[in-house]
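**Student:** Mind looking at a prediction? Sequence and model below.
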Amino acid sequence: MDILSYNIRGLGSRAKSKETRDLIKCHKVDVCCVQETKKETVDEFLARSIWGAGKVGWGYKEAWEVSGYCDFMEC
């Protein structure tokens, strides 16, 4: 199982989303954990756009008393 843990700032930008998606594809990642400090929420559209095509399970945990979240995605 390949796991990617990525601390990224500014995942809302198309360039950062593409960079993350390219990393997932390049390394054939099974689970991706993203720590984001700028966005306050995440939705299914964002999770799917990062993961790319295919089946994806996802969830997130809002940061406590600070902005940001921790998101995970898996195939």
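**Tutor:** Thanks, I have the structure now.

**Student:** ok, residues contacting the longest helix along the chain?
**Tutor:** Longest helix in the chain, counting residues (DSSP state H): helix 14-26. By Cβ atoms under 8 Å, 6 or more residues apart in numbering, the residues outside helix 14-26 that reach it are 4, 6, 8-11, 29, 32, 34, 46, 49-52. (C-beta placed from N, C-alpha, C; glycine too.)

**Student:** Quote the end-to-end distance of stretch 27-35.
**Tutor:** Start-to-end span of stretch 27-35 (Cα to Cα, to the nearest Å) is 18 Å.

**Student:** In that stretch, which residues are buried?
**Tutor:** 29, 32, 34 (16 or more other Cβ atoms under 10 Å).

**Student:** ok, now stretch 13-31?
**Tutor:** 16-17, 20-21, 24, 29.

**Student:** Doesn't Gln35 lie inside a strand?
**Tutor:** Yes. The assignment for Gln35 (DSSP: H, G, I helix; E, B strand; the rest coil) places it in a strand.

**Student:** Having no further points to raise, I will conclude here.
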